[in-house]
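1. the following comprises the amino acid sequence and a computationally predicted model.
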Amino acid sequence: MKLLRPSPENPQLELPLADAPGAVATQEPSLPEAHGLAQPALQPDHATWPPAQPNARMLRVGERIVHYALKRSARRTIGFTVDDRGLSITAPRWVTLGDVESAILEKQRWIFAKLGEWRHRETRRVLPTVQWRDGASLPFLGTPITLRLDSPASVLMFDAETRVLHLALPAHADDQQIKDRVQGWLQAQARRLLAERLDIYADKLGVRHTGFALTSAATRWGSCTADGKIRLNWRLMHFPLSMIDYVAAHELAHLKEMNHGPRFWETVESIFPEFRDARAELRAHPPELLPTF
């Protein structure tokens, strides 16, 4: 991932829609150069997923082949990451290749489980476009809600118990009317909830941002400018609260560290310790997985 640094031409740091992958490590791995030793070639006895990364190593684990990319850094522990690129390992420079492979064997159950989860995600990458009609469904805070045109009241109303959004529109309302009403409601919810989550994590970190606004950027979940202004994508309202909180914590951490170095990730972890899992989930949902608006 290219690290964005504030400058006159680029005065803000932004969180891409496809952010860095998650990990199960005690310390956030940095991005050092790849280790240069070549791994002897093995022929897998069956198809593997995902395809091997460039310069990937291979290790036979029982009847299976594990492809992994190895990076060396000054970290103290061996860190594991599983994402759409497969398995990546970041290890201290003093750790031997044998130690790395022993760690893979110890973690093999977790590794194969996570690879299986990503394989499942790949099979459902393309979701149908929302049909703007009575009875349509779309995700809100991680779970589906149903759209209803005939509201019992004369105003738009969301029933949290039944997960039904009553739009207060006539049965003959067209697609654009329904779309506009739903988008307006989602953005109103975003203004309230995202501001609340920013305040919660700002208090935890002991910082204050100078402004908050919504964005509908196609490539960014959020951004933080050098003067403390934060923008968050209203489409985050489709996701569970944990993923929203990760983005809020990420942007607020830039108020202390305007970079993506080790101290930045330590800052994120200090207020949102489970950020790795939430970050991995966010990475699993590129724009094409979101309802079309």
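-> Alright, I've got the coordinates. Numbers count the residues shown, from 1 in each chain.
2. what mean pLDDT does the longest helix seen in the chain get?
-> When the chain is parsed with DSSP state H, its longest helix is helix 175-205. In this model, helix 175-205 carries a mean pLDDT of 95.
3. which positions are bridged to residue 90 in the beta structure?
-> Beta-bridge pairing for residue 90 (DSSP bridges): residue 71, residue 79.
4. residue 170: which element?
-> Under DSSP states H and E, no helix or strand contains residue 170.
5. OK, contacts around it?
-> residue 149 (C-beta atoms under 8 Å, 6 or more residues apart in numbering). Any C-beta I mention is one placed from the backbone N, CA and C, and that applies to glycine too.
6. can you give me the helices in the stretch 151-293 of the chain?
-> 175-205, 241-253, 262-271, 275-283 (DSSP state H, counting those that start in this stretch).
7. hang on, the earlier thing: check the offset of the longest helix of the chain from the chain's centre.
-> Its chain's C-alpha centre and that of helix 175-205 lie 18 Å apart, by C-alpha atoms, centre = their mean, to the nearest Å.
8. run the angle between that helix and helix 262-271 for me.
-> Interaxial angle, helix 175-205 versus helix 262-271 (axes from the mean of the first three to the mean of the last three C-alpha atoms, to 10 degrees): 100 degrees.
9. from now on call the first residue 672
-> New numbering, starting at 672: the last item is helix 846-876.
10. give me the spatial nearest neighbour of residue 804, chain neighbours excluded.
-> residue 849 (6.9 Å; C-beta to C-beta, 6 or more residues apart in numbering).
11. cool, residue 737 as well?
-> Nearest residue to residue 737, sequence neighbours excluded (C-beta to C-beta, 6+ apart): residue 730, at 4.9 Å.
12. then residue 818?
-> residue 807 is the one closest to residue 818 (C-beta to C-beta, 6+ apart), at 4.7 Å.
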